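[1] Sequence and predicted structure are below.
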Amino acid sequence: MSSQARPTEELYRAAMLLSGAGDALGYRNQRWEYCESGPQIHQELEELGGLGAIVARLPGWRVSDDTVLHLATAEALISGKEHDDLLHDLAARYVEAMKDMDNRKPGPTSILGTSQLKPGQTGGYRIPFNPRALGCGAAMRSMCIGLRFPRTSQLPDLVRLSVESGRMTHNHPTGYLGSLAAALFTAYAVQRKPLVEWGVGLLDTLSLALEYVKTTGIDVKENIAAWEFFPEKWKWYLRERNLESGKGPPRFPAAYGPQERDEVYKTFSLESWAGRSGHDAPMIAYDALLSAGESWTQLCSHGMFHGGDSDSTGVIAGCCWGALHGLSSVPPGNYEHLEYKERLLAAARGLYTAAWGAEIE
């Protein structure tokens, strides 16, 4: 048994609820996900009365494909299935989840990938290698893997599940390593690992992921050829933030308001679409966590209200922040009336029990 401190179930509830809140707030029924201007989003937020005035409920604040697919991952993880049975169940749930995408804007790679899955058939949870599968669709649905496998001793399970679930739609390292990053950062939040160490921890874990990919013998040549972009971009980011040693303190630009963040986030990203890809959705979420401290308002300002794919960065940042800080300082309207709130809570309970056993009163 690990000596790792046991978290409370409340932190698991906060992680799942605030993942949904981060998604709904960053999405705003497509209006903010597809807005390229952080200053415009902040202006519209002010006109709404600020973050505390937002009641995230239907019809104005539905969750996007991110939460639907995150729930699919979580509900598979608490099904009791293991090994190949679990992977087939994950694939089946991803296929089923794609029927719930009206007004949720799933990405084209997720649509293509799920159309290629054949759960129940031999090898049916695998799809062909895709040199264009660079997007964040695997990262945005994988935080719960870190809630299910939060112990340092469970790192091999976390690596295996995040890689396998990620490449069910995004069979390219830039895509599925985003899944690993989102899961690992959530596990780090549960572990109370200092934030300044997370990026170096991710880089150290990539060698395990590469070894796992080689061991499976699937698309090894293609994966090795495409591997280096993800670690090299993360090394660059950690140098930018004075975190390459894992000690910090993090270094941010002197001016880092909404306009400046839009410009900086573009330098993280592919084709200047911040948060759209597997490497930079968790990167922007991490950047927001580093700058926000214990402030939910600051986290949302940096992680949900920026130009680019703001629901995908928001769903990751919200989950990690919830696992760290809970709900007590979050405006209740941001999460109390969320679409799929009860499913999120049920998933949190199931993940907590699976990871830690029933909570001792």
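    Perfect, thanks for sending it.

[2] what helix or strand is residue 317 on?
    Secondary-structure element containing residue 317, defined by DSSP states H and E: helix 310-325.

[3] cool, and residue 156?
    Under the assignment here (DSSP H and E), residue 156 is part of helix 155-166.

[4] After that helix, which helix or strand is next? Please name it.
    helix 173-191.

[5] low pLDDT regions in the chain?
    Per-residue confidence of the chain (counting by pLDDT under 70) places the weak regions at 1-3, 358-361.

[6] let's see it at 90
    Across the chain, the stretches falling below the confidence threshold (pLDDT under 90) are 1-5, 34, 248, 271-272, 358-361.

[7] Report the contact partners of residue 269.
    Neighbouring residues of residue 269 by C-beta atoms under 8 Å, 6 or more residues apart in numbering: 275-277, 280, 308. The C-beta positions use only the backbone N, C-alpha and C, and glycine is treated the same way.

[8] again with residue 282
    Listed by C-beta under 8 Å, 6+ apart, the contact set of residue 282 reads 139, 178, 181-182, 185, 316.

[9] Which member of those is positioned nearest residue 85?
    For those, the closest approach to residue 85 (C-beta to C-beta) belongs to residue 182, at 23.6 Å.

[10] isn't the closest one right next to residue 140, touching?
    Yes. Counting by C-beta atoms under 8 Å, residue 182 does reach residue 140; the two are 7.2 Å apart.

[11] how far is stretch 287-299 from where the chain is centred?
    Put simply, stretch 287-299 sits 16 Å off its chain's centre (C-alpha atoms, centre = their mean, to the nearest Å).

[12] and what of stretch 201-216?
    How far stretch 201-216 lies from its chain's middle: 19 Å, per C-alpha atoms, centre = their mean.

[13] so the helix holding residue 317 versus helix 173-191, what angle?
    Using axes from the mean of the first three to the mean of the last three C-alpha atoms, to 10 degrees, one finds that helix 310-325 and helix 173-191 are set 20 degrees apart in direction.

[14] list the helices and strands helix 310-325 packs on?
    Helices and strands in packing contact with helix 310-325 are listed as helix 9-27, helix 65-77, helix 143-148, helix 173-191, helix 280-292, helix 296-303; criterion 3 or more C-beta pairs under 8 Å, 6 or more residues apart in numbering; DSSP states H and E.

[15] Single out the most deeply packed of those helices.
    For the helices and strands packed on helix 310-325, average neighbour numbers computed from mean count of other C-beta atoms under 10 Å are highest in helix 143-148, which has a mean of 30.

[16] List the buried residues in the helix holding residue 156.
    158-166 (16 or more other C-beta atoms under 10 Å).

[17] one step back: show me what secondary structure element comes after the helix holding residue 317.
    Toward the C-terminal end, the helix or strand that comes next after helix 310-325 (DSSP H and E) is helix 341-356.

[18] what angle sits between that next one and helix 65-77?
    Compare the direction of helix 341-356 with that of helix 65-77 by the same axes, to 10 degrees and you get 40 degrees.

[19] Contacts for helix 341-356, please.
    6-7, 9, 12-13, 15-17, 19-20, 67, 71, 74-75, 77-78, 144, 147-151, 335, 338, 359.

[20] Let's see if you can find the most crowded of the contacts of residue 269.
    The most crowded member of the contacts of residue 269 is residue 280, carrying 32 neighbours; neighbours defined as other C-beta atoms under 10 Å.

[21] before we move on, the earlier item: distance to residue 113 for the contacts of residue 269 - can I get that in CSV?
    Putting those into CSV (distance: C-beta to C-beta, whole Å) gives the following:
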residue, distance to residue 113
275, 19
276, 16
277, 15
280, 20
308, 22
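
[22] Keep only those of those that are in helices.
    When DSSP state H defines the helices, the subset of the contacts of residue 269 inside them is residue 280.

[23] Among the contacts of residue 269, which pair sits farthest apart?
    Longest distance between any two of these is 10.2 Å, between 277 and 308; criterion C-beta to C-beta.

[24] can you give me how far the helix holding residue 317 is from the chain middle?
    Relative to its chain's centre, helix 310-325 lies at 7 Å (C-alpha atoms, centre = their mean).

[25] quick one: that helix to helix 280-292, angle?
    Using the same axes, to 10 degrees, helix 310-325 lies at 50 degrees relative to helix 280-292.
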